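A.B. asks: I need the structure of the sequence given here:
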Amino acid sequence: MWKNRRRVVALLGGAATLLLPFLRIRGESAFRFDIPALRFHFFGAVLWIDEFYLVLLATLFLVVLTLGITVLFGRVWCGWLCPQTVIAEVAGWIASAFPNRFRATGRAVVLVPLTALISLSLLWYFVPPVDVWRNLSRSPVLLGFFLSQWAVIYGMVGALGTRFCRTACPYAMLQNVVADGETISVAFDPARADCLRCDRCARVCPVGIDIRKGEQRECIACATCIDACREVTGRRGIDPFIAYRGTVRRGKAYLVAGGTAVAGLVFLIALWSQPDLAFAVQWDGKPAMPGGNLYRYSVRSNLGEPVTLRLSVDGPVRILGDPRIAVAPRSRVTGVVAVAASTGAPQEVRFTAEGGRFRFVRKAAFP
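C.D. replies: All right, here's what the predicted structure looks like:
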């Protein structure tokens with residue numbers, strides 16, 4: 001039965017979504033948007049917000065992947081992994097333990113803690129789970145996000161339900177554009193005239209369509225109608241009239257798979273080619289004292305251990321203050337250093353930042 005397979009996929013997908021924020025690689029979250037530091041942790045790598053080319057490459061890969069999945073498998077995401085579908089079904093599975101007359105009410109009650117957990121899990125992708133639990137009742141901003149998300153998710157799943165899938169879902173509209181006649185989808189076999197007309201496929205459909213009327217945009221490929229048809233036809237020893245139809249063995253499929261692989265490979269190469277340490281410096285104005293300039297430096301580290309750099313300058317200039325820059329693991333440090341001319345007025349200053357195996361040389365104007 002497809003229902004049992006979908007349950008396994010839904011539970012595995014839900015477990016992965018809930019547990020991923022707790023997975024740590026090299027001391028950091030495996031997958032988290034660190035908004036205060038403007039960085040994204042991606043399975044041991046760090047993507048900084050100013051590395052916009054990586055954001056573009058990642059977006060390109062996701063777009064190509066989404067198009068590829070839709071071309072090959074249609075709306076399989078909607079019926080098997082989409083939270084809009086899965087959350088409602090999990091609540092229905094739990095509520096099925098209640099007596100029949102209480103199941104509708106039980107489903108609404110079960111959705112309350114279930115959607116609260118989903119709202120919390122979304123916060124975990126931006127704030128470490130331990131910090132969420134510690135600060136949820138102390139931070140009005142964090143609490144506000146949690147309650148707002150909770151209300152929206154409950155409304156989407158509990159109130160709108162599959163009406164959203166039938167009417168406003170943008171993914172359904174995308175399928176109309178990229179899917180073709182060979183895309184895998186749930187379909188009735190019109191060549192068979194011996195349909196039993198039991199109407200069970202239409203009664204169990206979560207989006208309220210009759211698949212016997214042909215391909216319809218509202219279908220979420222959940223296979224509930226296939227199971228219903230098989231229950232009836234199985235007792236009569238005949239094959240079900242409804243099944244997944246289509247194929248992935250075609251030229252378009254190979255083209256899409258190749259494009260997705262290339263986009264993913266380019267992104268991974270760019271991601272793993274990031275330098276372990278990056279140093280930059282630029283003129284930042286003149287200080288109150290005469291004969292000097294201020295320079296703003298920035299050090300970005302993708303290393304798993306701390307590093308200390310020491311700044312020095314060449315020529316008839318000197319650094320005022322502490323020339324050391326301490327950089328914590330996978331972090332960014334910015335600061336301002338003053339440089340004064342000992343004699344004369346050089347056209348530019350050559351900065352050298354050294355520490356361990358790293359040495360950077362950068363030039364900046366001395367106005």
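A.B. asks: Mark out where each domain of the protein begins and ends.
C.D. replies: Per the record, the chain has its domains at 2-266, 277-365, by automatic domain parsing.
A.B. asks: Was I right to think residue 86 contacts residue 8?
C.D. replies: No. If you go by Cβ atoms under 8 Å, residue 86 and residue 8 don't touch, sitting 11.9 Å apart. In short, each C-beta sits where N, CA and C put it, glycine included.
A.B. asks: Settle it for me: which of those two has more neighbours?
C.D. replies: More crowded of residue 86 and residue 8, by other Cβ atoms under 10 Å: residue 86, with 23 against 9.
A.B. asks: For burial, what's the neighbour tally of the spatially closest residue to the more buried one that is not a sequence neighbour?
C.D. replies: For residue 86, ignoring the flanking residues on the chain, the nearest one in space by Cβ to Cβ, 6 or more residues apart in numbering is residue 10 at 4.6 Å. Neighbourhood size, residue 10 [other Cβ under 10 Å]: 21.
A.B. asks: Same question for residue 155.
C.D. replies: Neighbour count for residue 155, taken as other Cβ under 10 Å: 11.
A.B. asks: Over to residue 69?
C.D. replies: Close neighbours of residue 69, defined as other Cβ under 10 Å, add up to 16.
A.B. asks: next one: residue 32
C.D. replies: When neighbours are counted by other Cβ under 10 Å, residue 32 comes out with 21.
A.B. asks: secondary structure element for it?
C.D. replies: When elements are assigned from DSSP states H and E, residue 32 belongs to strand 31-34.
A.B. asks: List the strands paired with the following helix or strand past that strand, with their directions.
C.D. replies: Reading on from strand 31-34 to the C-terminus, the next helix or strand found by DSSP H and E is strand 39-42. Here strand 39-42 is paired, per DSSP bridges, with strand 31-34 (antiparallel), strand 45-48 (antiparallel).
A.B. asks: quick one: which of the ones you listed has the weakest pLDDT on average?
C.D. replies: Within the strands paired with strand 39-42, confidence is poorest for strand 45-48, with a mean of 82 (mean pLDDT).
A.B. asks: The helix or strand just after that strand: which residues count as buried?
C.D. replies: Next helix or strand after strand 45-48 toward the C-terminus (DSSP H and E): helix 52-73. Neighbour counts using 16 or more other Cβ atoms under 10 Å place 54, 57-58, 61, 64-65, 67-73 of helix 52-73 among the buried residues.
A.B. asks: same check, this time on stretch 248-255
C.D. replies: By 16+ other Cβ under 10 Å, the buried positions in stretch 248-255 come out as residue 253.
A.B. asks: pLDDT of it, averaged?
C.D. replies: 86.
A.B. asks: cool, stretch 221-241 as well?
C.D. replies: For stretch 221-241, the per-residue pLDDT averages 92.
A.B. asks: Distance from the chain centre to it, please.
C.D. replies: 36 Å (Cα atoms, centre = their mean, to the nearest Å).
A.B. asks: ditto for stretch 320-330
C.D. replies: Put simply, stretch 320-330 sits 34 Å off its chain's centre (Cα atoms, centre = their mean).
A.B. asks: Okay, residue 125 and residue 32: tell me how far apart.
C.D. replies: 6 Å (Cβ to Cβ, to the nearest Å).
A.B. asks: just checking, what packs against the lowest-mean-pLDDT helix or strand in the chain?
C.D. replies: Ranking every helix and strand in the chain by mean pLDDT, DSSP states H and E puts helix 170-178 at the bottom, with a mean of 79. Applying 3 or more Cβ pairs under 8 Å, 6 or more residues apart in numbering; DSSP states H and E, we find helix 170-178 packed against helix 52-73, helix 76-80.
A.B. asks: Can you show me the helices along the stretch 101-250 of the chain?
C.D. replies: Remark: helices assigned in the stretch 101-250 of the chain by DSSP state H, counting those that start in this stretch are 103-124, 129-135, 140-154, 162-167, 170-178, 200-204, 224-236.
A.B. asks: Output those in CSV; the columns should cover distance to residue 357.
C.D. replies: Output for the helices of the stretch 101-250 of the chain, formatted as CSV (distance: least, Cβ to Cβ, whole Å):
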stretch, distance to residue 357
helix 103-124, 36
helix 129-135, 34
helix 140-154, 40
helix 162-167, 54
helix 170-178, 48
helix 200-204, 65
helix 224-236, 60
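A.B. asks: Those: which one's closest to residue 256?
C.D. replies: Residue 256 sits nearest to helix 170-178 of all the helices of the stretch 101-250 of the chain, at 9.3 Å, using Cβ to Cβ.
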